[in-house]
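**Student:** Here is the input, now give the coordinates:
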Amino acid sequence: MRSLASLLAVTAFSCSAAPEAALDTRPNILLIAVDDLRPELASFGASYIRSPSIDRLSSSGRVFRSHYVQAPTCGASRYTLLTGRYGGASNAALFQRAARINDDPGSAPPSMPAWFREHGYTAVSVGKVSHHPGGLGGTDWDDPLQPEMPNSWDRHLLAAGPWQHPRGWMHGLANGEIRVDAGDMDVFQAEEGPDTIYPDGVSIEDALRQLDELSSDSERPFFLAVGILRPHLPFGAPLKYLKSYADSQLPSIPHPTKPEGRTTWHASAEFMKYNRWNRDPNKDAEFALEVRKHYAACVTYADAQVGRLVEHLERTGAAENTIVILWGDHGWHLGEHAIWGKHTLFEESLRSPLVISHRGIQKPGAPTEAIVESLDVFPTLCELAGLPTPDFVHGVSLRPLLEDPDASGHPAISYGRSAQTIRTKTHRLILHDDGYAELYDHTTPEKETKNLATSNPSLVAELAERLRDRLDSLED
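**Tutor:** Residues are numbered from 1 along each chain as shown. This next block holds a predicted model:
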């Protein structure tokens, strides 16, 4: 099987011949990216989570309950969303693309925001849209000479507030606390105060100002991407959000033990390096519950920022002609498989929320269980906006599912540094680079706790061939 590195080779690209819509009727795009968000929301079936804003958005759109990202880490996942293409598996994926472009400007097809810019849109990002909040490199992630996505945005903004710079904002706690040594920073926190004492509450103000400015331009539609940081570590949100979970009964953690045999399991290093008061959630059920409630508080805090965005969009008068997408960059283990974090090829890392809402949607509020990928967002938005769909993208349009929630989806491919996986409606195959296989049956209660690879070699071979055929086809 060819390596994913080969997928980074440049391919020729062209446009479909579909006519473009007139600029004055073309819809705006509001893309909301939420960090580390599990598909554990009321509109996705988790009744104990308070997510009224996302649920309201879901009621007017299509909820994709089987949406999978391409990689279980921020930078690589955002690469596929923002380019529509498979790419590297590390957080540096977009910066690696930028380096190629700097060496050879024609070495990579346009990104999604660049494509919309080329077709008459004003493209703006606010917050954490690419891996670095504000989209810049350098020591403190604020060097304008080091864009993470060259030629993509008219403006890429991050109001760091008291956190001084984007690097400080990225791992900030209340009132400007910046991470220096993670061991000295609490893994969770809930301070009394308004939303602005934590990073998202500050940056969202920039997003609202951009909505005002962009919606007042009658000449050009806008592509506005807003990245919400929480519930990324450390789990910090105003106390009022945690209080709402004081008496909540959370469901038990499914399959909470470390899996037997070889898997993509890891020791939760990102989580464990923070100050945990010498407590381990895998051994301390009370602490595990505290962690989960702080995560839930961060979800509700993030949901409040989504609400501010959508309500402000409505106040501008632009909502009727705006496509709104809510996307989670990957999932997050909360004790499943004895993992607290992402970075695995298990379901908990790869499945995330996707909601698409626009005025022409059929059966609004009806969810779909069809399997889809983050790669599909780029061609979907092109089709909905009346733009030509470039043939360099690796995904497919989700318009059939927006018209009929019972339409068919397609298998999802994801990858890490040394393994690849394909998820079908019934099974997941994880294929390691040395040929070792994990096969899980999602029609059984065991799901991803019992490796069936040795007992079903024919299915392993079939799914491996489908995975290989999919990757090979992208190089044709």
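**Student:** quick one: the helices in the stretch 301-450 of the chain?
**Tutor:** Remark: helices assigned in the stretch 301-450 of the chain by DSSP state H, counting those that start in this stretch are 347-350, 377-385, 399-403.
**Student:** What of the stretch 1-150 of the chain?
**Tutor:** Here the stretch 1-150 of the chain has its helices, by DSSP H, counting those that start in this stretch, at 52-59, 74-83, 93-103, 112-118.
**Student:** any residues touching the shortest one, and which ones?
**Tutor:** Around helix 112-118, the neighbours that count as contacts under C-beta atoms under 8 Å, 6 or more residues apart in numbering are 29, 81-84, 110, 123, 125, 149, 151-154, 223, 225, 377-378, 381-382, 385, 387, 390. C-beta: built from backbone N, CA, C; applies to glycine.
**Student:** Then the third one?
**Tutor:** Contacts of helix 93-103 from elsewhere in the structure, counted by C-beta under 8 Å, 6+ apart, are 71, 75-76, 78-79, 82-83, 87-88, 90, 107-108, 130-131, 137, 146-151.
**Student:** tell me how far that helix is from the chain's mean position?
**Tutor:** 21 Å (C-alpha atoms, centre = their mean, to the nearest Å).
**Student:** circling back: mind putting the helices of the stretch 301-450 of the chain in a markdown table, mean pLDDT, mean neighbour count and distance to residue 288 included?
**Tutor:** As requested, the helices of the stretch 301-450 of the chain are exported to a markdown table (pLDDT from 0 to 100; neighbours: other C-beta atoms under 10 Å; distance: least, C-beta to C-beta, whole Å):
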| stretch | mean pLDDT | mean neighbour count | distance to residue 288 |
| --- | --- | --- | --- |
| helix 347-350 | 98 | 25 | 15 |
| helix 377-385 | 98 | 23 | 34 |
| helix 399-403 | 97 | 18 | 36 |
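**Student:** how about JSON lines for these, with distance to residue 36 added?
**Tutor:** As requested, the helices of the stretch 301-450 of the chain are exported to JSON lines (distance: least, C-beta to C-beta, whole Å):
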{"stretch": "helix 347-350", "distance to residue 36": "10"}
{"stretch": "helix 377-385", "distance to residue 36": "18"}
{"stretch": "helix 399-403", "distance to residue 36": "25"}
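**Student:** Looking at the ones you listed, which is nearest to residue 325?
**Tutor:** In terms of C-beta to C-beta, the element of the helices of the stretch 301-450 of the chain nearest to residue 325 is helix 377-385, at 6.6 Å.
**Student:** got the contact list for the closest one?
**Tutor:** By C-beta under 8 Å, 6+ apart, the list of residues contacting helix 377-385 reads 21, 26-27, 29, 81, 83-84, 112, 115-116, 221, 323, 325, 327, 354, 356, 358, 360, 387-390, 393, 395-399, 402.
**Student:** how about 6 Å then?
**Tutor:** With contact meaning C-beta atoms under 6 Å, 6 or more residues apart in numbering, helix 377-385 is reached by 26, 27, 81, 84, 112, 323, 389, 393, 395, 397, 398, 399.
**Student:** any idea where the strands of the stretch 351-476 of the chain begin and end?
**Tutor:** Along the stretch 351-476 of the chain, the stretches classed as strands by DSSP state E, counting those that start in this stretch are 354-357, 368-373, 412-415, 419-423, 427-432, 437-441.
**Student:** can you list the ones you listed in JSON lines and add mean pLDDT?
**Tutor:** Shown next, in JSON lines, are these (pLDDT from 0 to 100):
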{"stretch": "strand 354-357", "mean pLDDT": "98"}
{"stretch": "strand 368-373", "mean pLDDT": "98"}
{"stretch": "strand 412-415", "mean pLDDT": "97"}
{"stretch": "strand 419-423", "mean pLDDT": "98"}
{"stretch": "strand 427-432", "mean pLDDT": "98"}
{"stretch": "strand 437-441", "mean pLDDT": "98"}
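**Student:** Adding mean neighbour count and distance to residue 276, write those strands out as a markdown table.
**Tutor:** Conversion of those to a markdown table gives the following (neighbours: other C-beta atoms under 10 Å; distance: least, C-beta to C-beta, whole Å):
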| stretch | mean neighbour count | distance to residue 276 |
| --- | --- | --- |
| strand 354-357 | 25 | 32 |
| strand 368-373 | 20 | 35 |
| strand 412-415 | 25 | 29 |
| strand 419-423 | 23 | 29 |
| strand 427-432 | 22 | 29 |
| strand 437-441 | 21 | 30 |
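**Student:** Alright, calling it a day.
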